[in-house]
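Chemist: need the 3D shape of this:
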Amino acid sequence: MKRIIYFLFIGSVLFSTQSCQTDHCEQIVYTIEHQSFYASVNSLRQNINIKGPRALSIPGKIYFYNDLLLINEAYEGIHFIDNSDPSNPVFLQFIEIMGNTDFAIKDGKLYANNQVDLITFDISNLDDIKLESIAEEVFLPEWMEYISNNPDQEHYWYEKPVKTTQVMTCKEFEAAQTVPGGLGRNGGGFFVQDDFAVLETAVAFDSNSSSGGTGTAGSMASFIIVGDYLYTLDPNTVFTFDISNSASPEKVNENYVGWGLETIFAHETELYLGSSNGMYILTLEDPADPQYLSSISHVGACDPVYVKDNYAYVTLRSGTLCDGFTNQMDLVDISDKTNPILVKTFPMTNPHGLSISGDELYLCDGPDGLKVFDISDPFSLSRNLLEEYPDKFAFDVITLPQYDNLMIMIGIQGLVQFDYTNPQNLKELSTIEAVWE
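Modeler: Predicted coordinates for the structure are as follows:
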């Protein structure tokens, strides 16, 4: 009998299809390894191309816009999928963008990064997507001007996930499982603690939806559009772009906030930033110049945020890129935006992205899959688990009540769409599998 086993193997993730017999057996092991990526500024700009559809390989962030489903292929580009019928999604196009980790859409304009530049595309006609402009080097800090002064010289940018395969004997496979470094167990199989954090950079829009036809993404974004402004993060800074001239965005501010910034969420007149050491609240009283309002600290951990009413729900997880060993959800009282207060903590397995629709919270708890909680009483969340779907490693989710209660969930295996009309009995509509062969 064949089964899939997931486990962490110091710096790589191994997936094995196993059929062992007594003392002699072999299995194919699928591996995601991280390789250092070097490129010149000019080569990054030269690798921006509109291509035909291709299979999903390494899934990243998800985004929904006007019946379009978009999936980031980590550091490679963006898939465009016709999702007018969620039970039958159809791949349409792929935009190749070397180094891309995030994007956002407003009024038919897609804004994306390539490590150094902000790139604008006109996607109003999907049969004729056009590159409109490149705002060069807007994401390079001043101290890195040596890079812009040497546009043909290669530089290190990131650790790129790469799939490999190998054949291992059962003895070798069992020995690999004993390697120290964050090994965990779930239901008899092994799972990844967090080597996929590199894939998780997307923002859930509750009151995040701004006027003018923006899209909806997951809860781990570093890009968000509010009104005529695009806000993006690097590990220390919030960048503000005026996109009132949609074809030619202009950087109007960059504000140092703190270290370890990861995610951004907009609610009412504030931005909520998740970082590896806490949550920051910025006011949008002047939307062209977000200002620090308050913060609350926590132990080192990866940290997406979702806000509903007077509470922020903050998931903290351990993992190779997040420092620390905490796995929990924090409930933070934000009724006084200048003084956020931690009021309760709920233990979790390895919580990632989350979304809220009505009185239900949908949580991607890593190897434990998707969990649904009743939060009509936020303080009783841990006692009000409505349902759980443990068969898929989940790291981000979108709920779309305005689209007939459509839910989109992405994980290691690929993307799954559900009808969540009944939160205690999700109806699976379709699956897009990540291709390993």
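Chemist: give the residue spans of the stretch 251-400 of the chain that score low on pLDDT.
Modeler: Where the stretch 251-400 of the chain drops to pLDDT under 70, the residues are 299-302, 319-325.
Chemist: quick one: buried residues of stretch 398-406?
Modeler: Residues of stretch 398-406 classed as buried by neighbour count (16 or more other Cβ atoms under 10 Å): Ile398, Thr399, Leu400, Tyr403, Asn405, Leu406. All C-beta spots, glycine's among them, are computed from the backbone N, C-alpha and C.
Chemist: give me the distance between the two termini of that stretch.
Modeler: The first residue of stretch 398-406 is 8 Å away from its last residue (Cα to Cα, to the nearest Å).
Chemist: give me the contacts around that stretch.
Modeler: 62, 64, 86, 204, 216-218, 355-358, 362, 407-409, 417-421, 429 (Cβ atoms under 8 Å, 6 or more residues apart in numbering).
Chemist: swap in 6 Å and give it another go.
Modeler: Phe64, Pro86, Thr216, Gly218, Ser355, Ser357, Tyr362, Met407, Ile408, Asp419, Tyr420, Thr421 (Cβ atoms under 6 Å, 6 or more residues apart in numbering).
Chemist: so what's Leu429 up against?
Modeler: Pro86, Ser87, Gln417, Asp419.
Chemist: if we use 8 Å, what do you get?
Modeler: When contacts are counted by Cβ under 8 Å, 6+ apart, Leu429 touches Pro86, Ser87, Leu406, Gln417, Phe418, Asp419.
Chemist: ok, how many other residues are close to the nearest residue to Gly260 once chain neighbours are set aside?
Modeler: Spatial nearest neighbour of Gly260, excluding adjacent residues (Cβ to Cβ, 6 or more residues apart in numbering): Ser276 at 3.4 Å. Neighbourhood size, Ser276 [other Cβ atoms under 10 Å]: 21.
Chemist: can I assume Ser276 is in contact with Ser297?
Modeler: No. Using Cβ atoms under 8 Å, Ser276 is not in contact with Ser297; the gap is 10.8 Å.
Chemist: now do the strands in the stretch 251-400 of the chain.
Modeler: 261-267, 270-275, 278-283, 291-297, 305-308, 311-316, 328-333, 341-347, 354-357, 360-364, 370-374, 385-389, 394-400 (DSSP state E, counting those that start in this stretch).
Chemist: go on, the stretch 1-150 of the chain?
Modeler: So, for the stretch 1-150 of the chain - with DSSP E, counting those that start in this stretch - the strands run 3-8, 12-18, 26-39, 48-51, 59-65, 68-73, 77-82, 90-97, 103-106, 109-113, 118-122, 130-135.
Chemist: could those strands be laid out in JSON lines, adding distance to Gly227?
Modeler: JSON lines is the format used below for the strands of the stretch 1-150 of the chain (distance: least, Cβ to Cβ, whole Å):
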{"stretch": "strand 3-8", "distance to Gly227": "42"}
{"stretch": "strand 12-18", "distance to Gly227": "40"}
{"stretch": "strand 26-39", "distance to Gly227": "34"}
{"stretch": "strand 48-51", "distance to Gly227": "27"}
{"stretch": "strand 59-65", "distance to Gly227": "17"}
{"stretch": "strand 68-73", "distance to Gly227": "21"}
{"stretch": "strand 77-82", "distance to Gly227": "23"}
{"stretch": "strand 90-97", "distance to Gly227": "25"}
{"stretch": "strand 103-106", "distance to Gly227": "9"}
{"stretch": "strand 109-113", "distance to Gly227": "14"}
{"stretch": "strand 118-122", "distance to Gly227": "17"}
{"stretch": "strand 130-135", "distance to Gly227": "19"}
